[in-house]
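Q: could you work out the structure for the sequence below:
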Amino acid sequence: MKEHELVSAVRASTGIANSDDAERAVRATLQVLGRRLTGGETRHLASQLPPDLAGVLPEQGAGERFDVEEFYRRVAAEEGGECTPQQARQHARAVVTAMRNSLPQGEIDDFAAQSPADYADLLSSGPVHH
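A: This next block holds a predicted model:
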């Protein structure tokens, strides 16, 4: 997977206006995801990503515990600007779906296994309803 392919997939599925904003959404989602993962899972995920995106992830996941709504709030804060948690939800789900379609299945399964039940919303590939 190449960075521009992931960014393009996110942009197409969310309607984000330009590639810079779509890249910001990808990076924000990966940053928050990296804080949620534990142990070597972050390094393992980084090894599957293009180098520029892998660098967004922390070397070692902190395994922070927060619910999916907090995940979306953190993504919105990382994206900055006028991004709302609702928009961040749409963006983060698009990033996870694009990763699911590009990475080996085990990568998303590893994250799902570490996540509480409410993360099913983030991991869903169905349409986002506001």
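Q: for this protein, which segments count as helices?
A: Using DSSP state H, the helices of the chain run over residues 3-14, 19-36, 41-48, 51-54, 68-79, 85-102, 105-114, 120-123.
Q: of all those helices, which one is nearest Gln60?
A: Gln60 sits nearest to helix 41-48 of all the helices of the chain, at 6.2 Å, using C-beta to C-beta. In short, each C-beta sits where N, CA and C put it, glycine included.
Q: what's next to the closest one, contact-wise?
A: 1, 33-34, 37, 54-55, 57-61, 103-104, 107, 110-111, 114 (C-beta atoms under 8 Å, 6 or more residues apart in numbering).
Q: select only the buried ones of those residues in ChimeraX?
A: Selection command for ChimeraX covering only the buried members of those, criterion 16 or more other C-beta atoms under 10 Å:
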select :33,34,37,54,57,61,107,110,111
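Q: list the contacts for the nearest residue to Ala9 once chain neighbours are set aside?
A: Of all residues not flanking Ala9 in the chain, Ala98 sits nearest, at 4.0 Å (C-beta to C-beta, 6 or more residues apart in numbering). Ala98 makes contacts with Leu6, Ala9, Val10, Ser13, as judged by C-beta under 8 Å, 6+ apart.
Q: and for Val32?
A: Phe71, Arg74, Val75, Glu78, Ala92.
Q: export these to a markdown table and tack on pLDDT, distance to Asp20 and neighbour count?
A: Listed next are those as a markdown table, based on pLDDT from 0 to 100; distance: C-beta to C-beta, whole Å; neighbours: other C-beta atoms under 10 Å:
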| residue | pLDDT | distance to Asp20 | neighbour count |
| --- | --- | --- | --- |
| Phe71 | 97 | 23 | 25 |
| Arg74 | 98 | 20 | 22 |
| Val75 | 98 | 16 | 26 |
| Glu78 | 97 | 14 | 18 |
| Ala92 | 97 | 18 | 30 |
